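Asks: sequence and predicted model, in that order:
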Amino acid sequence: MWRAVAFLLAAAPAHAEGRDALYGLWGDARQCARQPIVAGATLRAEPFEIGPGWLRHGAIWCRLTWFPAEPRGDGLYVSTRALCGEDSAQSYRLDFALAGGTLTMIWDESVANGPLQRCANRK
């Protein structure tokens, strides 16, 4: 029994450490450069910012509840429950697939953002 407890305690940090690879700013070239969405306009493309318990994309914030991370080859796969918005919060299953330095985010198993590159950490 003690071996099982020791295994679970030893495995828990590995899952959290694996998620650390996702934290930071991710986007395509336009998002990372925060270029205007439409030429001459003031609204700019924004990267996705991922933190330990949240995700931000422009003015939209999501609270993340993480499931265990799964190392895969040269990357990582992890699912979350994302609760996004304020007044009428929407719940999504959000999967993160990190491979070869690129990130793909899959919303409710149907809509994907990516592949995304890590942006320079500037605001």
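Replies: Cool, got the structure. Keep in mind that what you see is a predicted model, and the values were worked out from it rather than measured.

Asks: look up phi and psi at Pro68.
Replies: phi -60, psi 140 (degrees, to the nearest 10).

Asks: so it is in contact with Val78, correct?
Replies: Yes - here Pro68 lies in contact with Val78, judged by Cβ atoms under 8 Å, at a distance of 7.4 Å. The C-beta positions use only the backbone N, C-alpha and C, and glycine is treated the same way.

Asks: so for those two, which residue has more residues nearby?
Replies: Using other Cβ atoms under 10 Å as the criterion, Pro68 and Val78 rank with Val78 on top: 22 against 13.

Asks: do a quick rundown of the strands in this structure.
Replies: In order along the chain, the chain carries the following strands (DSSP state E): 24-27, 48-50, 54-57, 60-66, 70-72, 75-84, 90-99, 102-107, 111-118.

Asks: for the spatially most central residue of the chain, give the beta-bridge partners.
Replies: For the chain, Ile50 is the residue whose C-alpha lies nearest the centre (Cα atoms, centre = their mean; 4.9 Å). Per DSSP bridges, residues listed as beta-bridge partners of Ile50: Gly24, Leu55.

Asks: same check, this time on Thr65
Replies: Applying DSSP bridges to Thr65 gives these bridge partners: Arg81.

Asks: make residue 1 into 40 and carry on from there
Replies: That works, and once the first residue is 40, the last one we named lands at Thr104.

Asks: roughly how far does it sit from Ala159?
Replies: Counting by Cβ to Cβ, to the nearest Å, the separation of Thr104 from Ala159 is 29 Å.

Asks: go on, Ala138?
Replies: Ala138 sits 21 Å away from Ala159, going by Cβ to Cβ.

Asks: who's more crowded, those two?
Replies: For the pair Ala138 and Ala159, the greater number of neighbours falls to Ala138 (14 against 9), based on other Cβ under 10 Å.

Asks: so who does the nearest residue in space to that one that is not next to it in sequence touch?
Replies: Beyond its immediate neighbours in the sequence, the residue positioned closest to Ala138 (Cβ to Cβ, 6 or more residues apart in numbering) is Gly114, lying 3.7 Å away. With contacts defined as Cβ atoms under 8 Å, 6 or more residues apart in numbering, the neighbours of Gly114 are Ala136, Leu137, Ala138, Gly139.

Asks: that concludes my questions; thank you for your assistance.
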